[in-house]
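Trainee: Quick one, what's the 3D model for this:
(one chain, ligands or ions: 1)
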Amino acid sequence: MKVLTGFSKLNITERIDLLKKNVNLNEQQISLLTAFRENDKDPDGVIENLTENYISNYSLPFSIAPNFRVNDKWYFVPMVTEESSVVAAAASAAKFWSGQGGFKSEISGTKKSGQIYFSWNGNIEKLQSMLPLLKEKLASSVKSLTVNMEKRGGGITDITFNPDHHGNNDYHIVNVDFDTVDSMGANLINSCLETMGSELVSFINSNFTGTDREAEIIMAILSNFTPDCLVECSAECSINRLSEISGNLTPEQFARKFAKAVQIAREYIPRAVTHNKGIFNGVDAVLLATGNDFRAVEACGHAYAAKDGNYTALTDIEISGNRFRYRLSIPLSIGTVGGATSVHPMARLALQIMNNPTSGELMKVVASVGLASNFAAIRSLITDGIQKGHMRLHLNNFLSHFNVNESEKILVEEHFRNKQYSFSAISDFLTSIRGNL
Ligand code: MEV
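Mentor: Got it, this is the predicted structure:
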């Protein structure tokens, strides 16, 4: 196959025609593209314009987890995920914790940073002595960009040079802190940094002489490490209340086993990663529903989990006397205005369902969903095991794959009630009963 050029310039029909010529797809498969495009019709063409080379839509279930009580406010939380057990797990934990006073969530702030990296071999002492003037020049070069952010109560909060002694003789760093308030602010931060980069080069050029005038911008980009957007979320109850969910265990056994599971995740990386993945099951589903950048949040969450040098669990537990307290610390750099959040009709609806929260409020809700998801996962792991609930929900995927009707569904459920099942076991069973129907 030779390299294609101009794919993005084609219209949708032309793109699909070209695909057909190059990839082995039958008419039925091609019509799926039309069906999903027509099905998720978006009259304003917003979705089509979110990326390039669009040919269809990819649907995922949009679900609601009710009963999220966060700081005494109740939410129906929209979640978008392909994993069948995620919403049920979050909803069951939310219901349990709502009866214990709900989740308590606090944020440290919404400060983010970005950096300008530049090569320069000039006189550092002289540049350092001019820092107040340089900062002023850099900030005023982006005044027209930051004016709206300032109106919303944010703006550039600090500019520092070679923070924490990073940077060396052949490259340096200008760190810029931003408070973007209700927007995640990635585009705005990047625009500011690029403009400031040009200003920095002109500043050096006009204040130094000889080879000291030669500075080169390597790159200017926001950082997805946002430890100052930390959310601390907790849920607490007396141990005897755990009897509602402790299955065959006594509440005391449940609390002890739960604490041991958390200790393992705090001490052993192979478990810590999966433990944190269970948190992100819930976090990402709300971020997707609200049009937020879940990759940025995941990258930061895992870096934060390793901030002390050892990757560990993002949750921790305290059991003292009769009290069981479970908490999550997670950085969440997210927004409720700007980007897909403001333009995707389903993201806007998701925010509406939560009564249009500020980004701080959304951060608190998202952390609660992360904690609930992880709580539900550990509960299953230490009681029935994860497969029971997982496979029950997975069964629906299998059944719809095989176009199972109501009477076949009853037979399948009866047959597999106390058996382990798999895709091929169900396929074999259906073949056997379909022959007999
Ligand atoms: C599955 O998506 C998530 C879990 O593996 C999380 C965990 O093990 O804590 C169940």
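
Trainee: now the stretch 251-400 of the chain, which segments are flagged as low pLDDT?
Mentor: Along the stretch 251-400 of the chain, segments meeting pLDDT under 70 span 389-394.

Trainee: all helices for it, in order.
Mentor: 251-267, 269-289, 294-305, 339-343, 345-353, 359-382, 386-401 (DSSP state H, counting those that start in this stretch).

Trainee: what residue lies at the spatial centre of this protein?
Mentor: Centroid check for the chain by C-alpha atoms, centre = their mean gives residue 294 as the closest residue, at 2.7 Å.

Trainee: Who are the contact partners of that one?
Mentor: 280, 283-284, 287-288 (C-beta atoms under 8 Å, 6 or more residues apart in numbering). For every residue, glycine as well, the C-beta is placed using N, CA and C.

Trainee: again, 10 Å this time
Mentor: Residues in contact with residue 294 (C-beta atoms under 10 Å, 6 or more residues apart in numbering) are 80, 280, 283-288, 301, 334.

Trainee: Which members of the residues you listed are the farthest-apart pair?
Mentor: Greatest spacing in the contacts of residue 294, by C-beta to C-beta: 80 and 301 (18.2 Å).

Trainee: helix/strand/coil for residue 78?
Mentor: Using DSSP: H, G, I helix; E, B strand; the rest coil, the secondary structure recorded for residue 78 is strand.

Trainee: got the contact list for residue 212?
Mentor: 120-123, 126-127, 204-205.

Trainee: 7 Å - rerun?
Mentor: 122-123 (C-beta atoms under 7 Å, 6 or more residues apart in numbering).

Trainee: same deal with residue 396?
Mentor: residue 84.

Trainee: Would you map out the domains in this structure?
Mentor: If you go by automatic domain parsing, the domain ranges for the chain are 7-50, 62-108+230-384, 112-222, 390-434.

Trainee: Just the endpoints, please. Distance across the second one?
Mentor: Looking back up the chat, that one is domain 62-108+230-384. 28 Å (C-alpha to C-alpha, to the nearest Å).

Trainee: Tell me, what's the model's pLDDT at residue 116?
Mentor: With respect to pLDDT, residue 116 scores 97.

Trainee: Hmm, I typed the wrong one, I wanted residue 24.
Mentor: 91.

Trainee: Now do the SS call for it.
Mentor: For residue 24, the secondary-structure state derived from three-state DSSP is coil.

Trainee: ok, it to residue 30 distance?
Mentor: 11 Å (C-beta to C-beta, to the nearest Å).

Trainee: what's the answer for residue 200, then?
Mentor: Residue 200 is 52 Å from residue 30, by C-beta to C-beta.

Trainee: who's more crowded, the two?
Mentor: More neighbours surround residue 200 than the other of residue 200 and residue 30, with 24 against 17 (other C-beta atoms under 10 Å).

Trainee: can you tell me which helix or strand that one belongs to?
Mentor: Secondary structure assignment for residue 200, by DSSP states H and E: helix 186-207.

Trainee: show me what contacts the residue of the chain found nearest the ligand?
Mentor: Nearest residue of the chain to the ligand: residue 278, at 2.8 Å (C-beta to the nearest ligand atom). Shown in contact with residue 278 (C-beta under 7 Å, 6+ apart): 373-374, 377.

Trainee: Reformat those into TSV and put neighbour count next to each item.
Mentor: Listed next are the contacts of residue 278 as TSV, based on neighbours: other C-beta atoms under 10 Å:
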residue	neighbour count
373	32
374	29
377	25
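
Trainee: okay, the helices of the stretch 251-400 of the chain, which one's buried deepest?
Mentor: helix 359-382 (a mean of 26; mean count of other C-beta atoms under 10 Å).

Trainee: Residues of the chain that sit close to the ligand?
Mentor: The chain comes close to the ligand at residues 83, 274-275, 277-278, 281, 377-378, 381, 386, as judged by C-beta under 6 Å from any ligand atom.

Trainee: redo that, cut-off 8 Å
Mentor: With the criterion set to C-beta under 8 Å from any ligand atom, the chain comes near the ligand through 83, 85-86, 265, 271, 274-275, 277-278, 281, 374, 377-378, 380-381, 386, 390.
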